[in-house]
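Chemist: have a look at this prediction, sequence included:
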Amino acid sequence: MLKFRKMHGLGNDFVIVDGRKNDFQPKPESIRHLADRRLGVGCDQFILILPPRSSQTAAFMRIFNPDGSEAGACGNATRCVADLLMQENGENACIIETMAGHLTCKRAGVNRICVDMGRPRLEWSEIPLSGPCDTLHLPLDFDAAAVSMGNPHCVVFVDNIEDISVDESGKQIENNSLFPERTNVEFVRILARNRVRMRVWERGAGITPACGSGACAALVAAVRRGQVDRRAEMVLDGGSLTIEWADDDASVLMTGPVTSVFEGTIPHDSI
């Protein structure tokens, strides 16, 4: 039997397997089954916790989308895994290694975690885009900017966010040829200098209630355009995150809640 834990951050939900305690080797078809909300457990991403690869970190975390593809970063999942590791170690801080780098995590209150998401990448080749262009004003039929937070993001600025077709437009932008690795898409409307409304289309997952790395990317893009302060509340469908980017050379800090839903097992032969 495969043991797992179901957790979420603002409704962005995860099936988490501790690969330090079993020999589960995820295959794309297994991940697709586990992520299926009718045939499996159901999740926006599948998370595998592995032994640390350096003495500086508590664990190595791999992130998989529901279509079986692997992602480099996931802010909400990082908070969830950090919460588990801190409980396990009896500490209030830990460092998690991901494909996007080492992420320092700290407790920020009851069931709240702050994650240092690292410095944003703003050059076209770092995101990556298919060719040179101004990453603050993309050559799309949308008013959009591009940011990488260890995974690619397209931040689309809109006037009426509640009426936007996230499904139709998100799918179109995700698969645009400008993004050779596809992209996450954040639709944002500036409400105030310290408050931003945001809706999410995640690469390989579709519409989700929240995206931590996406909230970071959205703040960075809005700051670069001079539309918001460097610390703001990002209001997503699932709730709010606090994002801070102290200066252009600083890391982006993301603070938000974590929720543990249940633990369970699933037969190996069913996946």
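Modeler: Cool, the structure landed. Just so we're clear, the structure is a prediction, and the values are computed from it rather than from any experiment. Numbers count the residues shown, from 1 in each chain.
Chemist: ok, and what's touching stretch 37-47?
Modeler: 4, 6, 12-17, 26, 31, 33-36, 61-66, 71, 74, 77, 80-81, 202, 205, 208, 264, 266, 271 (CB atoms under 8 Å, 6 or more residues apart in numbering). All C-beta atoms are positioned from the backbone trio N, CA, C, and that covers glycine.
Chemist: where in this structure is pLDDT low?
Modeler: 270 (pLDDT under 70).
Chemist: how much space between the residue most central in space within it and Leu136?
Modeler: By CA atoms, centre = their mean, the chain has its centre lying nearest to Cys74, at 2.9 Å. Distance of Cys74 to Leu136, given as CB to CB, to the nearest Å: 25 Å.
Chemist: hmm, back to that, now the residue nearest to the centre of the chain. Nearest residue, chain neighbours left out?
Modeler: Spatial nearest neighbour of Cys74, chain neighbours left out: Ile63 (4.8 Å); criterion: CB to CB, 6 or more residues apart in numbering.
Chemist: what are the ranges of the helices in the stretch 151-271 of the chain?
Modeler: Using DSSP state H, counting those that start in this stretch, the helices of the stretch 151-271 of the chain run over 166-174, 212-224.
Chemist: hang on, the residue nearest to Cys74 packs against Gly75?
Modeler: No: with contacts defined as CB atoms under 8 Å, Ile63 does not count as touching Gly75, sitting 10.4 Å away.
Chemist: so those two - more neighbours on which side?
Modeler: Counted by other CB atoms under 10 Å, Ile63 and Gly75 do not tie: Gly75 has more neighbours, with 29 against 23.
Chemist: need phi/psi at the more buried one.
Modeler: Gly75 adopts backbone torsions of phi -60, psi -40, taken as degrees, to the nearest 10.
Chemist: next one: Ser148
Modeler: phi -110, psi 130.
Chemist: how about Ser30?
Modeler: Taking degrees, to the nearest 10 as the convention, Ser30 sits at phi -70, psi -40.
Chemist: list the residues that contact it.
Modeler: Here Ser30 is in contact with Ile271 (criterion: CB under 8 Å, 6+ apart).
Chemist: distance of it from Arg5?
Modeler: 17 Å.
Chemist: one more: Val228?
Modeler: Separation of Val228 from Arg5 (CB to CB) stands at 35 Å.
Chemist: and Gly239, how many neighbours?
Modeler: The burial count for Gly239: 15, using other CB under 10 Å.
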